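>>> my questions concern the predicted model and sequence given below.
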Amino acid sequence: MTPDKAERPALSRLPGATLARLRRGAAAAAGKKGAAPGTLVYTGPDTDEPVGLSYFTYDESRKSESGRSGPSAPLAECLAQRSEPGTTWINVDGVHDVASIRELGGSVPLHRLVLEDIISTSQRAKIEEYPSYLFLILRMVRWDDDNEAILDEQVSLVVGESWVLSFQERRGDVFEGVRERIRHGRGLIRSRGSGYLAYALVDTVVDHYFGVIEKVSDRIEALEGEVLENPDPQIVERIHRLKRDMLLVRRAIWPLREVVSQFARDPLPFVDDETRVFVRDVYDHTVQVIDTVETLRDLLGGLTDLYMSGVSNRMNEVMKVLTMIATIFIPLSFMAGVYGMNFEVMPELGFPWGYPALLGLMTLTAGAMVVYFRRKGWL
């Protein structure tokens, strides 16, 4: 288990977890009625973890790093890196400490509406342009192998001329590949500016949707086999859990499509034409994720129908067997009822072989009916 994963607080993935996030956002918005625009109210899950700060400063010939693998770097140390030559990436783990976020926003400085969006963790993906920076919000999704569920969180990016700020709800993310490229100077990232770094972060977020989709696809395939072999009632709960997870992914990826489209299309500051070529590739991946998500949602709907059909067919088979048994015993019950009557004059009652003859007739009748049902294909 990686250190980030060990330190990440466990998230509830009960049936109402996604709904709980939406309720928290709605409650926070309701609590701010009448408040001034830019009032800072944290809307995420409660946590006691301290806010973590880390930074990278790099150019083609050098790089420096602090805070990620050890104790958090002080805010003053992180902000001082912005005056260094090259590109600086400051990452903030945890947006629940309103005072820390306000202090960091005032040091940059960031508009108070930006700070409000950063700590309101139920935001849709969006991109906004300010005079000296760009502001992006993304939904980052990951697959939790321990709970076999999808984790999602809000990631906010602020892109300046030579710096990028990233804000995450908690420790643990999907950006380790970007960090490794910076550490080892792989690719173009050390030779490009903040716009390329922002592209790399967005691209990594989108690429991890494919990993989540692959996990969900594997489970849908396994569920399909189980539904066909043994439609157990517990399968319905697993299908509905996957439906909720795919709804979460759909809610995250659809607004991201417009964000990436604007990122690739509009002449934004700090994003040159060469970087836009790469961003267009991210847009293609986003569309592919959306198409796959819709396909998986259709498959899950088909699985529900398949389960209901399997249960119905199973019930029909049981009812058919019970009906055949009842039909076979109808004439036998009739014969037993006739000779069970208490009339004094019943000629067959005096026959020495009356009892075995009646049993034989009943056996022949039942056997003939079984043969008839088999020939008809009913048994």
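Sure thing, it's come through.

>>> rest of the way, CA atoms for contacts and neighbours
Noted.

>>> just checking, Pro356 is part of a helix?
Yes: checked against DSSP: H, G, I helix; E, B strand; the rest coil, Pro356 lies within a helix.

>>> burial count for Pro71?
11 (other CA atoms under 10 Å).

>>> show me what the helix or strand containing Asp291 is packed against.
Under the criterion DSSP states H and E, the helix or strand holding Asp291 is helix 273-338. Counting contacts by 3 or more CA pairs under 8 Å, 6 or more residues apart in numbering; DSSP states H and E, helix 273-338 packs against helix 194-229, helix 233-265, helix 354-376.

>>> could I get the CA-only coordinates of stretch 296-315 as PDB?
Extracted C-alpha coordinates of stretch 296-315, given in PDB (Å, rounded to 0.1, in the frame of the first residue of the first chain):
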ATOM      1  CA  LEU A 296     -22.000   0.800 -20.000                       C
ATOM      2  CA  ARG A 297     -25.200   2.500 -18.600                       C
ATOM      3  CA  ASP A 298     -27.200   0.800 -21.400                       C
ATOM      4  CA  LEU A 299     -25.500  -2.600 -20.500                       C
ATOM      5  CA  LEU A 300     -26.400  -2.200 -16.900                       C
ATOM      6  CA  GLY A 301     -30.000  -1.400 -17.800                       C
ATOM      7  CA  GLY A 302     -30.000  -4.500 -20.000                       C
ATOM      8  CA  LEU A 303     -28.600  -6.500 -17.000                       C
ATOM      9  CA  THR A 304     -31.500  -5.500 -14.900                       C
ATOM     10  CA  ASP A 305     -33.900  -6.600 -17.600                       C
ATOM     11  CA  LEU A 306     -32.000  -9.800 -18.000                       C
ATOM     12  CA  TYR A 307     -32.200 -10.500 -14.300                       C
ATOM     13  CA  MET A 308     -35.900  -9.900 -14.200                       C
ATOM     14  CA  SER A 309     -36.300 -12.200 -17.200                       C
ATOM     15  CA  GLY A 310     -34.200 -14.900 -15.500                       C
ATOM     16  CA  VAL A 311     -36.200 -14.700 -12.300                       C
ATOM     17  CA  SER A 312     -39.400 -14.800 -14.300                       C
ATOM     18  CA  ASN A 313     -38.300 -17.800 -16.300                       C
ATOM     19  CA  ARG A 314     -37.200 -19.500 -13.100                       C
ATOM     20  CA  MET A 315     -40.500 -18.900 -11.500                       C
END
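
>>> run through who's touching it.
Outside stretch 296-315, the residues within contact range by CA atoms under 8 Å, 6 or more residues apart in numbering are 217, 220, 223-224, 227-228, 231, 236, 239, 242-243, 246.

>>> where's the dip in pLDDT among the residues you listed?
Minimum pLDDT for the contacts of stretch 296-315 is recorded at Pro231 (75).

>>> measure that residue to Met308 for me?
Distance, Pro231 to Met308, using CA to CA, to the nearest Å: 8 Å.

>>> which of those two has more residues huddled nearby?
More crowded of Pro231 and Met308, by other CA under 10 Å: Pro231, with 20 against 15.

>>> tell me the contacts of Ser217?
Counted by CA under 8 Å, 6+ apart, Ser217 has contacts Leu296.

>>> pretty sure Ile328 sits against Met369.
Yes: counting by CA atoms under 8 Å, Ile328 touches Met369, with 6.5 Å between them.

>>> tell me the domain boundaries of the chain?
3-308, 339-379 (automatic domain parsing).

>>> what's the end-to-end length of the shortest one?
End-to-end distance of domain 339-379: 30 Å, with CA to CA as the criterion.

>>> so where is the stretch 51-200 of the chain shaky, pLDDT-wise?
69-70 (pLDDT under 70).

>>> helices of that one, start to end?
75-80, 98-107, 112-119, 176-184, 194-229 (DSSP state H, counting those that start in this stretch).

>>> out of the ones you listed, deepest packed?
helix 112-119 (a mean of 20; mean count of other CA atoms under 10 Å).

>>> who touches His208 in this structure?
Listed by CA under 8 Å, 6+ apart, the contact partners of His208 are 141-142, 174.

>>> rewinding a little: okay, the helices and strands packed on helix 273-338 in TSV with distance to Ile182 next?
Below are the helices and strands packed on helix 273-338 laid out as TSV (distance: least, CA to CA, whole Å):
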stretch	distance to Ile182
helix 194-229	10
helix 233-265	22
helix 354-376	74
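
>>> next, count neighbours for Thr47.
By the criterion of other CA under 10 Å, Thr47 has 12 neighbours.

>>> so who does it touch?
Thr47 sits in contact with His96, where contact means CA under 8 Å, 6+ apart.

>>> how about the secondary structure of it?
coil.

>>> list the contacts of Glu116.
Neighbour list for Glu116: 38-41 [criterion: CA under 8 Å, 6+ apart].

>>> what do you get if the cut-off is 7 Å, keeping everything else the same?
Neighbour list for Glu116: 38-40 [criterion: CA atoms under 7 Å, 6 or more residues apart in numbering].
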